[in-house]
Each structure stands twice: as C-alpha cells, then as structure tokens.
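S.K.: Pasting the sequence and the predicted model now:
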Amino acid sequence: MLHRIALAVVMGCAATMASAQGSPARQAQPDTFDNRIRERDFFEHSLQADRGFSARSYATALTFAGCANGLQPAAVAAVLQTPAASREEEAAVQRLVSQVRACGRREGVHPALLRGALAEVSWKATAPAASAAPAEISIDDVESFIKRGPAGEARIKVNNLPIASVARCQVLALPAAAREVLATPAGSPQEQAAAARLYGGSRLCGGVEGLGKTPVVAIRAALADAFYQQSKATGRP
C-alpha cells in the first residue's frame with residue numbers, strides 16, 4: 001500500500017505538470033506579490049539565499065494575513081481559490097492588498113509564503129480538531145487530491161517533486177504529524193523538530209525521506225495550503 005501511495009504522488013505530479021506546461025500561468029510568474037523581485041531559480045540553494053523566503057518573512061506574512069482575514073475574509077478566500085504562482089493569484093493578491101491597506105504593504109515576501117500564511121490563518125479560523133489518519137488511504141485518494149484544483153506550489157521541489165504534491169499526500173496519510181508542524185510557532189526549534197519528524201516518516205509520499213535542504217518555511221506554507229484546500233473540498237477541517 002505504501003508503494004502504491006508513493007506511486008500516486010509521482011503519477012499525480014506528472015499529470016499536473018504535463019497539463020500546466022505551456023499554459024499562460026507558467027509564464028512570467030513574479031517572485032513577490034508586489035512585483036518587485038525578479039523571477040528566480042526555486043531550487044533549494046536559491047530559496048535559502050532568498051531574503052523573501054525566510055522564517056522572518058513568514059512571520060511578517062502571518063501578521064498581514066491575520067489582519068487581512070479579519071477585515072476581508074472573502075478576498076483572502078479569493079486568493080486561495082486561484083492556482084498558485086499564476087497570474088490569477090497575483091491579481092487576487094493585488095485586489096486583497098488594495099482592500100486592506102490598514103494591514104500594511106508587506107513587500108519582499110515570497111508569494112508562496114504569502115499564500116501559505118493566508119491559508120494557515122484562514123484554516124485555523126475554523127478551529128480544526130485533531131484527527132487520526134484514516135485506516136487506509138487509496139492511490140485514487142492521493143492522486144485525486146494532487147490533481148484537484150486549484151493547483152498548489154509546483155516551483156519548489158522536494159526530491160524532485162512539487163512540494164504541494166508532497167504536502168497533499170502528507171495531509172491525507174500523516175495528518176497528525178502534519179498538524180504538529182502548524183501547531184508550533186513559526187521559525188521556532190519546535191517547528192524544525194516537528195517538520196523533521198514529519199519528513200522522517202514521509203517515504204510513502206513520493207520517496208521523500210528526511211528534510212534534506214528543504215526550507216522548513218516552505219514545508220509549513222505548503223502544508224497550510226494543503227489543509228486549507230482539503231477543508232474546502234470535504235466541507236470540514
């Protein structure tokens with residue numbers, strides 16, 4: 001069964017990337033929601049050097065997201081209904097920023113972190129209760145969730161798989177461990193430890209085993225978006 005789940009992640013990723021290749025949303029995607037940083041290489045070493053991709057940036061994004069969700073929850077939801085890293089997402093973020101000027105303009109925050117922060121705040125606002133993993137996760141369950149729109153972050157890779165696909169598998173197969181990451185303070189040693197535990201047991205999700213050089217902030221943002229999308233798809237947190 002574990003092998004079949006891992007296969008579902010790989011198959012789902014391949015189908016998602018094939019369908020997105022060449023689409024307008026894959027062209028000229030900005031690195032920050034205010035269009036002030038050029039497109040970069042999103043592999044691990046670049047992310048670690050990216051000032052907009054740090055625990056501090058995510059904390060800033062969480063503050064903005066909390067304020068924005070309090071003032072304009074519908075506009076926050078509109079952002080999360082668009083595909084990640086798309087022109088639609090960029091436009092939705094710009095509309096949100098224009099509607100919540102009192103929350104400040106958060107420049108220099110990577111769009112993947114902003115999306116994750118918006119998802120985390122919105123998802124947690126539903127006060128989700130902890131849940132154990134289902135008795136059995138089928139290959140169809142995992143593959144369907146990976147393919148389901150809106151598409152998650154695909155530029156950031158884990159073991160050469162889009163981090164959103166890995167996170168969606170983890171949310172289905174390892175919900176308790178995934179929730180532990182989001183239950184910790186952002187940027188804390190507890191967050192690092194929780195992420196390490198999650199990834200240490202995630203070999204079933206596409207062959208991922210251990211954190212490696214994957215930035216924890218990327219893991220947290222991807223998990224938040226995965227939990228949010230799951231809650232919207234199922235109608236429950």
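M.R.: Sure, I can see it. Being a predicted model, the structure only gives us computed values, none of them experimental.

S.K.: tell me what the strand or helix carrying Ala218 is packed against?
M.R.: For Ala218, the element it lies in under DSSP states H and E is helix 216-234. Helices and strands touching helix 216-234, by 3 or more C-beta pairs under 8 Å, 6 or more residues apart in numbering; DSSP states H and E, are helix 55-71, helix 73-80, helix 111-124, helix 139-147, helix 163-173, helix 175-182, helix 189-200. (Each C-beta comes from the backbone N, C-alpha and C, glycine too.)

S.K.: Worst mean pLDDT among the ones you listed?
M.R.: Lowest mean pLDDT of these: helix 139-147, a mean of 90.

S.K.: Can you identify the element that follows that helix toward the C-terminus?
M.R.: Assigned by DSSP H and E, the successor of helix 139-147 is strand 157-158.

S.K.: Please name the strands paired to that next one in the sheet, noting orientation.
M.R.: Within its sheet, and counting by DSSP bridges, strand 157-158 is paired with strand 161-162 (antiparallel).

S.K.: doesn't Thr82 make contact with Glu89?
M.R.: Yes. With contact defined as C-beta atoms under 8 Å, Glu89 reaches Thr82; the gap is 4.2 Å.

S.K.: So what's the residue count around Thr234?
M.R.: Neighbours of Thr234 under the rule other C-beta atoms under 10 Å: 9.

S.K.: Tell me the buried residues in the helix holding Ala218?
M.R.: Neighbour counts over helix 216-234 (16 or more other C-beta atoms under 10 Å) mark 216-232 as buried.

S.K.: possible to save the helices and strands packed on helix 216-234 as TSV with distance to Glu209?
M.R.: Below are the helices and strands packed on helix 216-234 laid out as TSV (distance: least, C-beta to C-beta, whole Å):
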stretch	distance to Glu209
helix 55-71	24
helix 73-80	30
helix 111-124	23
helix 139-147	17
helix 163-173	11
helix 175-182	14
helix 189-200	7
